[in-house]
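A.B. asks: next one to model:
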Amino acid sequence: MHRSSLNWRLRTWIGVLALLLLPIAINGCQSTPLPTPTSMPTATATLQPTHTPTSTPSPTATLTPTPRPTATPTMTPSPTPSPSPTATSIPTAEAKASTTQEAAAPSELSGGGLGSLAPPSAAGAYGAVPLVPMETDVCPLTGLKVDPAKLERRPLAVKISNAPAVVRPQAGLSFADVVFEHYAEGNLTRFTAIFLSRDCSKIGSIRSARLIDLEIPAMFKSMFAYSGASIGVKEEIRKSDFFERVFAPDFGHHSVFKRIPAPGKAFEHTLFSDTATLGQATDERGLNGRQDLSGWAFSDTPPAGGTPATQLQIVYSPRYADAEYSYDAAVAGYRRAVLGVPHGDEITGQQLVAQNVVVLYAPHVESAILEDTHYGGHYSIQIQIWGEGLARVFRDGQMYDVRWVRPGRHDLIRFVDASGQTFPFKPGNVWIQVVPLGFNIAVE
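C.D. replies: Just a heads-up that it's a prediction; the model follows:
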C-alpha cells in the first residue's frame, strides 16, 4: 500500500514537472532561427534591340539603287581625266523642295568617273558666231521662226513614260521643243517634254511625276500634265508655287486626258492628251500668254573649239534604259536609238532626231520618299538642277564642254563658257540627258 502511494506521487510530480517544462520547450522552438533558403540564380533575359517604326523610311538604309554603270561595253570614252564637280547647294529657300531636302543623311548617287569632261577654260571660246536674232516670231526654245500666235501661250510640260519597252514608240516626242530624260528609280528613265512652238494631236503615254518635276515647270513657266505620283511627290506638287498650273487626275482633272487602249499595253500605259485640249484648259483657267523664256542663244554656225563626236551612248541601265545618238549630216542632227533599236514617234512613224543633245551632270540624292516596294523598295531621287554644274553639248557632229547655271528658281537653265557667255545651240529641238555627277558616257 505504501509503495503504491509512493509510485502515484512520483507519477504526479513527473506530470507536474512536464506541464511546467512544456511552455519553455515551445518558446525554445519558436526562437530557433529557420534556415535561410539558398537563393536560386536569376535567369537574366538578353534584351533584343527594339525596332521603332518611323513614319518616313530612312534614305540611308540598305535599300539603295543599283550602282550606276561606269562605262559602256561597246564604245570607248575619251581618256583625258579631269576633276569631278562638287554638288551645288540650294541658292534660295524658294528653290527648295522641303520634304526631300531635309531627309537625314542622303546618299549621293554617281557613276564612278567623269571621263574627259572639263569646264571650258577660255573666255568667249564658244561665242564668236552670228546668233539668231530673237525676234517676236522666233521660238526662244528652238531659235526657229514660227507663227507668233503660237508664242502667245504658255508652254506645256507633259510627263511621258519610257518603260517598259512596250510604251515605245511614244506619241508626240518629235513635236516637243525640249525633252528631258532622267532617272526615275530602279535604274529606269522617264521624260518630261516641253511643247510650245508645235501643235501635237496625241501625247503620251502620260505617267506619274517625279521630284525633278518640281523644277522643270518652274523654269519653263509651263503648265504641267501628269498622271499619278507617290504620296510624298504629290504633296510637294500640291505645295508648289505652280500648283494652279497642274493638270492631274490626282486632283480631279480628268477632262484633259483620254484613254486609248492598245493591244499588249497595260491600262497604265493608255493615258494620253494633246496640245489643243491642254491649251484650251489653260485658257479656261486664264493662265495663257507669252512667257519670258530668255536665256538661250542659237546659231546656224557651229562654234569653234569643239571635238568631233558622231556617236554618243548613255547607259542608264545596261538591259533596260540607254540613250544612243548617231550624227546624220543628211538630217543635220543626231538620230536617237534605245538599246540598239531606232527610237521612233508613233505619230510620224519616223526615227527621232535631235539637233542638240545636252548631257547635264547634276547631284542625284535619294530622298525619304518611298516610290514603291518592288524588289525591296525604291526611294524617289532628287535631281538638284539648281545652282551650277558641268555639261556637254553635242551639235553638228561636235562635242563642247560647258557649264550650266540656274541661279534662281524661275530662271531658265543656261549653258555658258568660262566667261559666262551663252553657248549657242543649233536652231532646232534640244534633248537634255540628265545624269549623276561622275557618270561616264561613251563618245566616238
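
A.B. asks: ok so Ile237 is a helix residue?
C.D. replies: Yes: Ile237: assigned to a helix according to DSSP: H, G, I helix; E, B strand; the rest coil.

A.B. asks: that one - how many residues pack around it?
C.D. replies: Ile237 has 23 neighbours, counted by other C-beta atoms under 10 Å. Quick note: C-beta positions are derived from backbone N, CA and C, even for glycine.

A.B. asks: same check, this time on the one 3 residues further on
C.D. replies: The tally of other residues near Ser240 (other C-beta under 10 Å) stands at 18.

A.B. asks: next: Ser299.
C.D. replies: 20.

A.B. asks: so it sits against Pro133, correct?
C.D. replies: No: here Ser299 does not reach Pro133: they are 10.9 Å apart, not a contact under C-beta atoms under 8 Å.

A.B. asks: secondary structure class for the nearest residue to Leu188 once chain neighbours are set aside?
C.D. replies: Ranked by C-beta to C-beta, 6 or more residues apart in numbering and with sequence neighbours excluded, the top spatial neighbour of Leu188 is Ala163, at 4.3 Å. Classification of Ala163 using three-state DSSP returns coil.

A.B. asks: Ala163: what's it in contact with?
C.D. replies: Neighbour list for Ala163: 184, 188-190, 320-321 [criterion: C-beta atoms under 8 Å, 6 or more residues apart in numbering].

A.B. asks: go again using 10 Å as the cut-off
C.D. replies: By C-beta atoms under 10 Å, 6 or more residues apart in numbering, the contact set of Ala163 is 184, 186-190, 207, 269, 317, 320-321.

A.B. asks: looking at the residues you listed, which is nearest Val393?
C.D. replies: Nearest to Val393, judged by C-beta to C-beta, of the contacts of Ala163 is Thr189 at 19.9 Å.

A.B. asks: which one is the closest one nearest to, not counting chain neighbours?
C.D. replies: Ala321 (4.7 Å).

A.B. asks: correct me, but the one you found touches Glu185?
C.D. replies: No: using C-beta atoms under 10 Å as the test, Ala321 is too far from Glu185 to be in contact (11.6 Å).

A.B. asks: for Gly232, pull up the helix or strand it's in.
C.D. replies: Using DSSP states H and E, Gly232 sits in helix 231-239.

A.B. asks: buried residues in that helix?
C.D. replies: 232-234, 236-237 (16 or more other C-beta atoms under 10 Å).

A.B. asks: what's next to it, contact-wise?
C.D. replies: Applying C-beta under 10 Å, 6+ apart, the external contacts of helix 231-239 come out as 56, 97-100, 103, 208-214, 217, 224, 226, 228-230, 243, 246, 248, 250-251, 367-371, 379-380.

A.B. asks: in ChimeraX, select just the buried ones from these.
C.D. replies: Buried subset of those, written as a ChimeraX selection, criterion 16+ other C-beta under 10 Å:
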select :97,99,100,103,208,209,210,211,212,213,214,217,224,226,228,229,230,246,248,250,367,368,369,370,371,379,380
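
A.B. asks: if you average pLDDT over stretch 129-147, what comes out?
C.D. replies: Averaged across stretch 129-147, pLDDT comes to 96.

A.B. asks: which ones are touching Thr192?
C.D. replies: Counted by C-beta under 10 Å, 6+ apart, Thr192 has contacts 157-160, 176, 178-182, 209-210, 212-213, 215-217, 220, 222, 224, 226, 432, 434.

A.B. asks: excluding covalently adjacent residues, which one is nearest to it?
C.D. replies: Phe180 (4.6 Å).

A.B. asks: now Arg392
C.D. replies: Val359 (4.4 Å).

A.B. asks: secondary structure class for that neighbour?
C.D. replies: Per three-state DSSP, the secondary structure class of Val359 is strand.

A.B. asks: so it bridges to which residues?
C.D. replies: Beta-bridge partners recorded for Val359 (DSSP bridges): Arg392, Gln433.

A.B. asks: show the pLDDT at it.
C.D. replies: At Val359, the pLDDT recorded in the model is 98.

A.B. asks: and it, how close does it get to Pro164?
C.D. replies: 24 Å (C-beta to C-beta, to the nearest Å).

A.B. asks: for these two, indicate the residue with more neighbours.
C.D. replies: The neighbour comparison of Val359 against Pro164 (other C-beta under 10 Å) goes to Val359, with 23 against 12.

A.B. asks: that one touches Ala323, doesn't it?
C.D. replies: Yes: if you go by C-beta under 10 Å, Val359 and Ala323 touch, sitting 9.2 Å apart.

A.B. asks: need the overlap of contacts for those two.
C.D. replies: Shared contacts of Val359 and Ala323, counting by C-beta under 10 Å, 6+ apart, come down to 312, 314, 431, 433, 435, 441.

A.B. asks: out of the residues you listed, which are buried?
C.D. replies: Listed as buried from the shared contacts of Val359 and Ala323 are 312, 314, 431, 433, 435, 441; burial here means 16+ other C-beta under 10 Å.

A.B. asks: and which of these is nearest to Asp283?
C.D. replies: Trp431 (29.1 Å).

A.B. asks: list phi and psi for that closest one.
C.D. replies: Torsion angles at Trp431 (phi, psi; degrees, to the nearest 10) stand at phi -110, psi 130.

A.B. asks: mind checking how far it is from Gly340?
C.D. replies: Taken as C-beta to C-beta, the span from Trp431 to Gly340 is 18 Å.

A.B. asks: next: Ile231.
C.D. replies: For Ile231 relative to Gly340 (C-beta to C-beta), the value is 37 Å.

A.B. asks: next: His378.
C.D. replies: Distance from His378 to Gly340, by C-beta to C-beta: 26 Å.

A.B. asks: which parts of the stretch 251-400 of the chain are helices?
C.D. replies: Taking DSSP state H, counting those that start in this stretch, the helices of the stretch 251-400 of the chain run over residues 275-284.

A.B. asks: so where's this structure shaky on pLDDT?
C.D. replies: Within the chain, the stretches with pLDDT under 70 are 1-125, 127, 372-377.

A.B. asks: just confirm Trp431 contacts Arg336, I think it does.
C.D. replies: Yes: between Trp431 and Arg336 a contact is recorded at 7.3 Å, counting by C-beta under 10 Å.

A.B. asks: about what we covered before: between Ser299 and Pro133, what contacts are shared?
C.D. replies: Gly143.

A.B. asks: what residue lies at the spatial centre of the protein?
C.D. replies: With distances taken as C-alpha atoms, centre = their mean, Ile381 lies nearest the centre of the chain, 3.1 Å away.

A.B. asks: that residue pairs with what?
C.D. replies: Legend: beta-bridge partners of Ile381 under DSSP bridges are Glu366.

A.B. asks: ok, it to Ser367 distance?
C.D. replies: Plainly put, Ile381 is 7 Å away from Ser367 if you go by C-beta to C-beta.
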